[in-house]
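S.K.: quick one, fold the following:
(one chain, ligands or ions: 1)
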Amino acid sequence: MTVEVKICGITDEEAMEAAIEAGVDHVGLVFYPKSPRAVTPEQATELLSYLERPVSRVGLLVDPDDALLDAVVGGVRLDLLQLHGNESPERVEAIRLEYGVPVMKMIPLAGPDDLAAAEAYIGVADRLLFDARPPKTATLPGGNAVSFDWTLLTGRRWPLPWFLAGGLTPANVAEAIRVSGAKAVDVSSGVETAPGRKSPELIRAFIAAARGA
Ligand SMILES: O=C(O)c1ccccc1N[C@@H]1O[C@H](COP(=O)(O)O)[C@@H](O)[C@H]1O
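M.R.: Have a look, this model is predicted:
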């Protein structure tokens, strides 16, 4: 089984090229100003110009208003919108219909009860992404290098594709895939040397580890 890999929060050409050469499937650009990985639509377009082969281009937004969506979707050619805030099922459906771009909804997981929340997005989102619930002290809703109990997902079947995210690293991604059954994984902090500074070496190691799982 080949596991899809997404490298999120790319901010420089070197990281983009390392990801492409290592065989990445999805590249993520963060359009959330509070993130150390934030890019503008213009910066994103420049980064995406370094793609030497077709890969899926994912734009990450957090509770975006229409003005931000207009700027991002109008300014950058994207294949998937990752909604990483508290967007309701109604809002997810409205964004999907209005902007005509497939949508992936993040579901924060801390315990079994959180899984029920995911069901409300079946039929309105194209994909789900399971991430750890952010710590109370966190300033970001994701990208916190925090993982959750992967057994929450063990044996669960979903009628739509889903990503596993949260605290993944080259060292733990194979085990995370084995336990959760994930067919797609997403990483940001785990391939960085500091918040927002991607490491080409860690990107290569992560992709190799996920592929070998
Ligand atoms: O990466 C960010 O800066 C970010 C900001 C706001 C929301 C989500 C963000 N990242 C996403 O969070 C998860 C987990 O990241 P990590 O690997 O634990 O750092 C992942 O889906 C990122 O795309």
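
S.K.: my read: residue 36 touches residue 189, true?
M.R.: No. Contact criterion C-beta atoms under 8 Å: residue 36 and residue 189 do not qualify, at 10.0 Å. Bear in mind the C-beta positions are built from the backbone N, C-alpha and C, glycine included.

S.K.: find residues that contact each of those two.
M.R.: residue 195 (C-beta atoms under 8 Å, 6 or more residues apart in numbering).

S.K.: those two: who's more crowded?
M.R.: residue 189 (22 against 16; other C-beta atoms under 10 Å).

S.K.: okay, buried residues for the lowest-mean-pLDDT helix or strand in the chain please.
M.R.: Least confident element among the helices and strands of the chain, by mean pLDDT, DSSP states H and E: helix 114-119 (a mean of 93). Across helix 114-119, burial judged by 16 or more other C-beta atoms under 10 Å covers residue 118.

S.K.: can you pull out the residues in contact with that helix?
M.R.: In contact with helix 114-119 (C-beta under 8 Å, 6+ apart) are residues 107, 108, 109, 128, 130, 133, 152, 156, 158.

S.K.: my guess is residue 196 contacts residue 30, does it?
M.R.: No. Between residue 196 and residue 30 there is no contact under C-beta under 8 Å: 9.2 Å.

S.K.: out of the two, which sits in the busier spot?
M.R.: residue 30 (28 against 17).

S.K.: returning to that earlier point: so which of the contacts of helix 114-119 belong to strands?
M.R.: 107, 108, 109, 128, 130 (DSSP state E).

S.K.: show me the helices in this protein, by range?
M.R.: With helices called from DSSP state H, the chain shows them at 13-22, 41-48, 66-75, 89-99, 114-119, 173-180, 200-211.

S.K.: which of the ones you listed has the lowest average pLDDT?
M.R.: Of all the helices of the chain, helix 114-119 carries the lowest average pLDDT, namely a mean of 93.
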